[in-house]
Structures are given as structure tokens and as C-alpha cells.
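# sharing a sequence plus its predicted fold:
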Amino acid sequence: MGRLAPSTKPLHKIAIFGAGGTNIGHHVLEALVKEPDFAITVLPRESSKSTFPPNVAVTRVADGFPHAALVEALQGQDVLISAVGPEAKHAEHKLVEAAIEAGVRRFFPTEYGLDNSDPKKRGGVADLWDQARHAAAFEVQAEGRLDVDVSWDGHVA
């Protein structure tokens, strides 16, 4: 895989994977559509029955998240926000790989600031945290292929 070229262009085009979710995705989408400087694209699965505001572009992706379809859907995007729930967290590495190939400059994973590296903070959801930890390790490895201008961000929500 190649490296992405650095850029000083502002982050304008934002893709959200998991925007139809009931836990976090719809809240992220709701906040972003209020910002006129952003062009929002949601990437629901083909089987999703979620609906989205009319001012949001919708690009459906096959349920198996095929790499070529994800790359195509992410072409031209500056940012990819992953808002997947626990049932799809295992597939987040596919988003990272596709984002790298498509030239996405910034990736926000599902973690949203949670410290999944500390077993004491994982409580009774160890399996979910283990999935997240493995995805995070993959994302960190992927960062080695990203240029300085590309980052993986986690935020407290």
C-alpha cells in the first residue's frame, strides 16, 4: 500500500459509516448536518432500513463490506467517521484499509475516547473491548502507511 500525500486543504467532505445506528451514529450525523461547511455522505449497508436527511448524500455498501466498494464510496472524502456498533466493530479494519487506498486524510474510530487498553476499565464488556483493542492495534499499524497529515483520532462523546 502507498502513503497518502500531505495536504493543507481543510477537511470538508465527511463520510460516516454507521450513521443509522441508534446509539451514536445518528447523534454524530445530527450534529454534523448543522454545520454548513461540511458535505456529509453516509455509508449505510445495502440491507439498512435507515433513512437520512435530504441534504445528506447516501452511498450504500454491500453488507459484506467488499474492499473495492468501500474504496469507491470513500473516493474524494477528507474524513471517515466510524460509528459502528459492537456487532460491526470487527469490520472496522476494512474501513481503515479502504480509507488508506481512497486517500481519506483523517479517520475517527468507534472508540470515542474510551480506554480499552486498561483491563480494569473494561468492566463486564471484555469481549467488546478485546475486539476494539485488536481493531485499534490494526489501525495503529495502518498509521505507519499514513502520512503526517493523516491521523487516527479518538474523542470523548
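Cool, got the structure. Fair warning: this is a prediction, and the values are worked out from it, not measured in the lab.
# quick check: phi and psi on Val104?
Summarising the backbone geometry of Val104 under the convention degrees, to the nearest 10, its torsions are phi -70, psi 140.
# what about it, how many neighbours?
Here the number of neighbours of Val104 (other C-beta atoms under 10 Å) works out to 26. Just so you know, the C-beta spots here come from the backbone N, C-alpha and C atoms, and that holds for glycine as well.
# then the one 4 residues further on?
For Phe108, the tally of surrounding residues (other C-beta under 10 Å) stands at 19.
# so it bridges to which residues?
In this entry, Phe108 is beta-bridged to Ile81, by DSSP bridges.
# i'd like the first residue to be 55 from this point on
New numbering, starting at 55: the last item is Phe162.
# that one and Glu146 touch, don't they?
No: between Phe162 and Glu146 there is no contact under C-beta atoms under 8 Å: 10.9 Å.
# who touches both of the two?
When contacts are counted by C-beta atoms under 8 Å, 6 or more residues apart in numbering, Phe162 and Glu146 have Ser136 as shared neighbours.
# poorly predicted segments of this protein, please.
Filtered on pLDDT under 70, the chain yields the residue ranges 55-62, 140, 142-143, 165-211.
# show me where it has its strands.
In the chain, strands defined by DSSP state E lie at 67-71, 93-96, 111-112, 133-136, 160-162, 205-206, listed in chain order.
# just the residues contacting the fourth one, thanks.
Contacts of strand 133-136 from elsewhere in the structure, counted by C-beta under 8 Å, 6+ apart, are 65, 67-72, 82, 128, 146, 149, 153, 158-164.
# how about the strands of the chain in CSV, adding distance to Gly118?
Putting those into CSV (distance: least, C-beta to C-beta, whole Å) gives the following:
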stretch, distance to Gly118
strand 67-71, 14
strand 93-96, 18
strand 111-112, 19
strand 133-136, 17
strand 160-162, 21
strand 205-206, 24
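# the ones you listed: which one's closest to Ala123?
With C-beta to C-beta as the criterion, Ala123 lies closest to strand 67-71 of these, at 12.0 Å.
# strand partners of that closest one, parallel vs antiparallel please.
Looking at strand 67-71 with DSSP bridges, its partner strands are strand 93-96 (parallel), strand 133-136 (parallel).
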